[in-house]
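Colleague: Okay, sequence plus prediction incoming.
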Amino acid sequence: MIGALLKKAQAATEDEILCLDSAGAKEAFRSGIFHDMPVLTNGQQPLPLQTVDNFLGEYYDDKAKLFVQDSSVKIGKDVLAVRQVTIDQIKQRLAKEPSEHPWNCLELATHVEDGLRPRFLDDEDCRLLTKLKIPATYGNSGRRVLPPDYKEVEKWGLLAEGGAHTEPHQDSHGYSTYITVNQGEVGFGWMSQPSADDRKNWLRNIYTEPYDVGNYWRYVVLRPGQTVTFPAGTVHFVFRLPSAGHSLSFGGHFLRCSNLVHWVKAMIEQKKNRNISNEDLSSTAHGHLDRVETFVRQALQNGTTAKWGGPEATEEFLKLKEEFMRAHKGKKA
């Protein structure tokens with residue numbers, strides 16, 4: 001279906017994606033500033049660009065397993081099978097030219113702790129998700145102890161053969177996301193500035209040829225060193241030309257203190273339409289909401305709601321949080 005989608009999609013114009021330098025990106029993500037469209041920057045990854053060989057070479061255990069999307073196997077009309085392979089199989093596969101049925105390795109563990117997050121996101125407002133990684137030591141400001149089922153979402157690798165793609169979806173848990181290409185070329189497409197009716201139409205037709213509907217699909221081609229950053233709820237897809245060879249990207253999710261309302265609205269939409277995101281909402285979502293509620297109620301008491309979007313935004317967040325919890329209880333019933 002990506003082929004049909006690309007026939008419908010158009011190259012993005014300057015009114016549909018913000019192309020910014022370092023200072024412009026810093027300003028765009030300043031507390032209280034919000035842009036409901038992707039941001040494109042260059043040279044914002046502190047770590048020098050990596051190659052596929054570099055990345056795979058740091059996986060020392062060749063027997064370690066990971067999940068890949070295998071385009072040779074489908075479990076539905078347009079749903080690719082996900083299966084386990086070993087690191088050794090990945091190394092052998094990517095030592096060759098792209099195959100007719102490319103593999104797509106999603107959200108791989110990275111070998112570095114620092115240097116992947118774009119410089120313009122190094123701000124208190126954009127570090128909310130980091131502050132929420134304390135569920136097992138709630139109320140304790142000592143060294144962090146993470147629960148056994150914790151999943152790293154702030155940084156990961158994307159490794160794929162040329163020709164691999166990902167169908168349109170939203171990222172789960174209302175996360176905002178960045179992706180930086182390190183090797184190869186990666187096409188990034190999205191639903192640009194859809195109306196409320198456009199979104200409803202897509203939700204109704206997600207698995208029934210949605211690409212024949214609307215004129216809102218846009219794309220850019222990302223090259224090494226370029227970063228695309230997009231807000232929660234962005235319906236997006238990824239494509240790669242076989243001729244572009246294998247690609248390596250690093251990405252991560254983040255949350256913003258001043259953008260709580262948009263965050264919860266995205267999660268409510270995903271709760272009501274579970275097929276639109278790349279994974280189901282987990283108990284992590286409820287833990288995040290409870291923790292942020294604690295922060296917000298303290299801010300309301302001591303008059304420091306400015307960093308949370310102001311008093312009106314914090315009150316709306318609390319109402320939306322309860323709506324999300326009611327929807328969750330309704331699903332369980």
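Modeller: In hand now; what should we look at? Numbering: from 1, shown residues only.
Colleague: tell me, how many neighbours does Asp15 end up with?
Modeller: Per other Cβ atoms under 10 Å, the neighbour tally for Asp15 reads 9. Bear in mind the C-beta positions are built from the backbone N, C-alpha and C, glycine included.
Colleague: wait, is it part of a strand?
Modeller: No: the assignment for Asp15, made by DSSP: H, G, I helix; E, B strand; the rest coil, is coil rather than a strand.
Colleague: What distance do you get for it to His35?
Modeller: 12 Å (Cβ to Cβ, to the nearest Å).
Colleague: How about the contacts made by Leu158?
Modeller: 105-108, 179, 247-251 (Cβ atoms under 8 Å, 6 or more residues apart in numbering).
Colleague: Equivalent analysis for Met267, please.
Modeller: Met267 neighbours (Cβ under 8 Å, 6+ apart): 173-174, 281, 285, 289, 324.
Colleague: So which of the residues you listed are in helices?
Modeller: Of the contacts of Met267, the ones assigned to helices by DSSP state H are 285, 289, 324.
Colleague: Among those, which one is most surrounded by other residues?
Modeller: Leu289 (24 neighbours).
Colleague: That residue contacts Leu320, correct?
Modeller: No: taking contacts as Cβ atoms under 8 Å, Leu289 lies outside contact range of Leu320: 9.3 Å.
Colleague: Please enumerate the shared neighbours of these two.
Modeller: Val264.
Colleague: State the mean pLDDT of stretch 95-106.
Modeller: Throughout stretch 95-106, pLDDT has a mean value of 91.
Colleague: From the chain's centroid, how far away is it?
Modeller: 22 Å (Cα atoms, centre = their mean, to the nearest Å).
Colleague: Based on its surroundings, how many neighbours for Ala232?
Modeller: 26.
Colleague: Endpoint to endpoint, stretch 35-55 covers what distance?
Modeller: 33 Å (Cα to Cα, to the nearest Å).
Colleague: For that stretch, buried residues please.
Modeller: Judged by neighbour count using 16 or more other Cβ atoms under 10 Å, the buried positions of stretch 35-55 are 37-42, 44-45, 50, 52, 55.
Colleague: would you turn the residues you listed into CSV with pLDDT, secondary structure and distance to Leu121?
Modeller: Formatted as CSV, those follow (pLDDT from 0 to 100; DSSP: H, G, I helix; E, B strand; the rest coil; distance: Cβ to Cβ, whole Å):
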residue, pLDDT, secondary structure, distance to Leu121
Met37, 96, coil, 16
Pro38, 98, coil, 14
Val39, 98, strand, 10
Leu40, 98, strand, 14
Thr41, 98, strand, 10
Asn42, 98, strand, 15
Gln44, 98, coil, 8
Gln45, 98, coil, 11
Gln50, 97, coil, 19
Val52, 96, helix, 25
Phe55, 96, helix, 22
